[in-house]
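Asker: turn this into a model:
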Amino acid sequence: MEDFPQAPVPAFLFDLDGTLIDSVYQHVVAWRQALSGMGIDLSVWRIHRRIGMSGGLFVNALLRETGLKLTREEIDELQGTHAAAYEEQARSVRPLPGAVELLAELTSRGVPWAIATSGYARTARLALGMLGLPEDTPLVTRDLVRRAKPDPDLFLAGAALVRVDPRHAMVVGDSVWDLLAARRAGALGIGLLSGGYGREELERAGAFRVYDDPADMLDRLDELGVRQSD
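Answerer: Residues are numbered from 1 along each chain as shown. Predicted coordinates for the structure are as follows:
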């Protein structure tokens with residue numbers, strides 16, 4: 001009988017905030033504080049809708065809604081203030097249900113995975129300890145790529161870090177920006193409801209499966225081609 005090439009083991013590229021750690025609303029509050037400090041008053045829901053974008057695009061989108069203009073220096077100051085405000089709340093951030101167990105299960109089955117986040121290393125590395133991950137965990141942050149979500153750079157870099165073709169990877173994220181970036185990277189998108197976006201929004205953005213949170217995804221790994229024998 002003719003031998004056929006074996007299908008590659010699936011690989012996973014995880015967003016961080018709202019996907020592995022329950023930090024979306026801490027980021028929203030931190031952005032609200034930073035914006036208020038510069039005299040910019042925006043409703044919380046408007047801020048939440050942009051979480052997951054790169055910081056620069058996030059600020060530009062919010063400024064477009066207000067009609068205000070900021071200099072490059074002011075935008076940099078705003079991002080720095082947000083990071084400091086988030087760090088003050090970091091102790092209230094927890095892993096999402098099943099996140100630690102999901103990553104451990106993938107590792108035990110030999111499934112490659114990496115974290116790719118629009119956050120800067122300054123805030124992203126705070127999550128490694130709470131997830132019980134070592135410092136050498138495959139992690140791509142905003143500091144390491146030219147553009148962040150919805151551009152595909154983070155996920156392309158994450159795939160390269162674990163040496164997989166992006167077409168053989170699945171991106172796991174909680175926002176439409178994650179899923180748009182996944183499509184542009186040529187990867188399949190998996191949506192999680194744990195960041196506050198609705199199922200239909202995530203599916204319209206390209207998610208081929210949507211789960212409640214990492215625990216729900218862990219229970220259904222077989223739907224994603226991850227088998228006990230992998």
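Asker: for the helix or strand bottoming out on mean pLDDT in the chain, give me every contacting residue.
Answerer: Here the helix or strand of the chain ranked lowest by mean pLDDT, DSSP states H and E is helix 55-66, holding a mean of 72. In this structure, residues lying in contact with helix 55-66 by C-beta atoms under 8 Å, 6 or more residues apart in numbering are 31, 35, 40, 42, 46-47, 50-51, 53, 69-70, 75, 78-79, 82, 118, 120, 142, 148, 150. All C-beta atoms are positioned from the backbone trio N, CA, C, and that covers glycine.
Asker: just those: which are in helices?
Answerer: 31, 35, 46-47, 75, 78-79, 82 (DSSP state H).
Asker: buried among these? Need that as a selection in ChimeraX.
Answerer: The following ChimeraX command selects only the buried members of the ones in helices among the contacts of helix 55-66, with burial defined by 16 or more other C-beta atoms under 10 Å:
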select :31,35,47,75,78,79,82
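Asker: from the ones in helices among the contacts of helix 55-66, pick the one nearest Leu156.
Answerer: Gln79 (23.1 Å; C-beta to C-beta).
Asker: quick one: the strands in this structure, in order.
Answerer: With strands called from DSSP state E, the chain shows them at 11-14, 113-116, 139-140, 169-173, 188-192, 207-211.
Asker: and the angle for the fourth one with strand 207-211?
Answerer: This means strand 169-173. 50 degrees (axes from the mean of the first three to the mean of the last three C-alpha atoms, to 10 degrees).
Asker: and strand 169-173, what's buried?
Answerer: Going by neighbour count (16+ other C-beta under 10 Å), the buried part of strand 169-173 is 169-173.
Asker: and it, which strands flank it?
Answerer: strand 11-14 (parallel), strand 188-192 (parallel) (DSSP bridges).
Asker: dump the strands of the chain to a markdown table, plus distance to Ala159 and mean pLDDT.
Answerer: Listed next are the strands of the chain as a markdown table, based on distance: least, C-beta to C-beta, whole Å; pLDDT from 0 to 100:
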| stretch | distance to Ala159 | mean pLDDT |
| --- | --- | --- |
| strand 11-14 | 6 | 97 |
| strand 113-116 | 8 | 97 |
| strand 139-140 | 9 | 96 |
| strand 169-173 | 5 | 97 |
| strand 188-192 | 12 | 97 |
| strand 207-211 | 18 | 96 |
